[in-house]
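Novice: have a look at this fold, sequence not included:
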């Protein structure tokens with residue numbers, strides 16, 4: 001009976017662990033950029049990425065809630081452009097605002113790590129990039145594509 005009891009506890013422990021892992025896997029992962037269409041977009045900035053839980057939104061009011069999960073300050077710009085993602089021409093270590101072929105719609109200015117900010121915009125259909133344009137950050141990979149349908 002002692003051996004059966006020990007085995008029973010081990011099986012329960014394993015099943016319980018798998019249940020917890022399964023629950024964690026069910027949550028939305030903002031690192032899965034492009035995960036559908038939503039006008040309520042959550043995500044984060046960190047060294048060296050911008051990640052959101054939706055790759056598109058419907059035209060109209062779009063709310064972005066962005067956490068800075070990095071170890072330094074970052075900003076979050078919504079840029080309307082047909083320029084390929086990651087290919088906005090730089091002027092030194094960042095791209096000029098404004099610049100030909102792009103329109104900075106609005107931004108969350110530099111905000112400290114460990115904080116979360118929100119930005120609500122009226123967006124028209126088109127292609128966008130969500131970026132950090134602090135010196136060196138865009139070139140380091142802080143951009144992702146976004147489309148408004």
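Specialist: Yep, that arrived. None of the values given here were measured: they were computed from a predicted structure.
Novice: where does pLDDT dip in the protein?
Specialist: For the chain, residues meeting the criterion pLDDT under 70 lie at 1-34.
Novice: domain ranges for it, per the record?
Specialist: Domain assignment for the chain by automatic domain parsing gives 1-28, 31-148.
Novice: point out the most buried one among the ones you listed.
Specialist: With neighbours taken as mean count of other CB atoms under 10 Å, those reach their highest mean count in domain 31-148, at a mean of 17. To be clear about C-beta, it is placed using only N, CA and C from the backbone, and glycine gets the same treatment.
Novice: which residues of the protein fall in helices?
Specialist: 2-26 (DSSP state H).
Novice: all strands of it, in order?
Specialist: Assigned by DSSP state E, the chain shows strands spanning 40-46, 49-52, 56-57, 60-68, 74-81, 102-111, 116-123, 126-131, 143-148.
Novice: dump these to JSON lines, plus distance to residue 89.
Specialist: As requested, these are exported to JSON lines (distance: least, CB to CB, whole Å):
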{"stretch": "strand 40-46", "distance to residue 89": "22"}
{"stretch": "strand 49-52", "distance to residue 89": "19"}
{"stretch": "strand 56-57", "distance to residue 89": "25"}
{"stretch": "strand 60-68", "distance to residue 89": "25"}
{"stretch": "strand 74-81", "distance to residue 89": "11"}
{"stretch": "strand 102-111", "distance to residue 89": "9"}
{"stretch": "strand 116-123", "distance to residue 89": "23"}
{"stretch": "strand 126-131", "distance to residue 89": "13"}
{"stretch": "strand 143-148", "distance to residue 89": "13"}
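Novice: minimum distance to residue 137: which of those strands has it?
Specialist: Comparison of the strands of the chain against residue 137 by CB to CB identifies strand 74-81 as nearest, at 6.8 Å.
Novice: from the contact counts, what lies against the closest one?
Specialist: strand 40-46, strand 60-68, strand 102-111, strand 116-123, strand 126-131 (3 or more CB pairs under 8 Å, 6 or more residues apart in numbering; DSSP states H and E).
Novice: got the angle for it vs strand 60-68?
Specialist: 150 degrees (axes from the mean of the first three to the mean of the last three CA atoms, to 10 degrees).
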